[in-house]
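# need the 3D shape of this:
(2 chains)
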Amino acid sequence: DAKTTQPPSMDCAEGRAANLPCNHSTISGNEYVYWYRQIHSQGPQYIIHGLKNNETNEMASLIITEDRKSSTLILPHATLRDTAVYYCIVSPKGDDKIIFGKGTRLHILP
Amino acid sequence: NAGVTQTPKFQVLKTGQSMTLQCAQDMNHEYMSWYRQDPGMGLRLIHYSVGAGITDQGEVPNGYNVSRSTTEDFPLRLLSAAPSQTSVYFCASSYRGGTEAFFGQGTRLTVV
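So this is what the prediction gives:
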């Protein structure tokens, strides 16, 4: 069974904030939420991860609900180069394996 | 600092041929792994290694062998290539403990 559920595709206008949702209703207490993206057949790129507090880095922000059953990745000012497949992954801290789901294909519209 | 380097970038094999996909990292990462990605699909884990001399199977290990004799290198061997192994192969590495993983640019393999 998939640990996460993501919409298959989303559109966002260039310059606007892109909000990508992820549902992980069966997440355990020791599991982190990771986000990766894959730009057109390149190798996946790490974006951000978190446990229960909101996280921000130079690429994105990660908002995790208080019950930890869902999260949102926010790209604050989307550009055409952000067009990619975004993967939300739930994994226990210390478990090195990354098991990818189907992800969300984000289209940034000019 | 080159990161994760995969060679070759492209390869065409005939059914039944063998070959080795190379993966090297220069970040002293303990954990390394191999994925395959079929057209329009997500990545599936083939094999992984938590350190030199230690390997284990992932989601789709059949038809592939690996070994890890050094920290830096993690080659993937196809002993007898089949058309079903036509795919893009990605290698990744990271420090232990569920940290950020770095991926190579992929090897595009076609088996005819």
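# quick one, helices of chain B?
For chain B, none of the segments meets the definition of helices by DSSP state H.
# run through the residues that contact the residue in it that chain A sits nearest to.
With Cβ to the nearest Cβ as the measure, B:Phe103 is the residue of chain B nearest to chain A, at 3.2 Å. The C-beta positions use only the backbone N, C-alpha and C, and glycine is treated the same way. B:Phe103 makes contacts with A:43-45, B:4, B:90-92, as judged by Cβ atoms under 8 Å, 6 or more residues apart in numbering or on different chains.
# CSV for those, including pLDDT?
Shown next, in CSV, are the contacts of B:Phe103 (pLDDT from 0 to 100):
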residue, pLDDT
A:Gly43, 95
A:Pro44, 96
A:Gln45, 96
B:Val4, 97
B:Phe90, 98
B:Cys91, 98
B:Ala92, 97
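# now stretch B:54-66, how far from the chain's geometric center?
Per Cα atoms, centre = their mean, to the nearest Å, the displacement of stretch B:54-66 from the mean C-alpha position of its chain is 10 Å.
# keeping just the C-alphas, turn it into PDB.
Output of stretch B:54-66 as PDB, limited to C-alpha atoms (Å, rounded to 0.1, in the frame of the first residue of the first chain):
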ATOM      1  CA  ILE B  54      27.200  -5.000   2.500                       C
ATOM      2  CA  THR B  55      24.500  -5.200  -0.100                       C
ATOM      3  CA  ASP B  56      20.800  -6.000  -0.100                       C
ATOM      4  CA  GLN B  57      17.800  -6.300  -2.400                       C
ATOM      5  CA  GLY B  58      15.300  -3.600  -3.200                       C
ATOM      6  CA  GLU B  59      11.900  -3.800  -4.900                       C
ATOM      7  CA  VAL B  60      13.000  -5.200  -8.200                       C
ATOM      8  CA  PRO B  61      16.300  -7.100  -7.900                       C
ATOM      9  CA  ASN B  62      15.800  -9.900 -10.300                       C
ATOM     10  CA  GLY B  63      18.300  -9.900 -13.200                       C
ATOM     11  CA  TYR B  64      20.800  -7.700 -11.500                       C
ATOM     12  CA  ASN B  65      23.800  -8.200  -9.400                       C
ATOM     13  CA  VAL B  66      25.800  -5.800  -7.300                       C
END
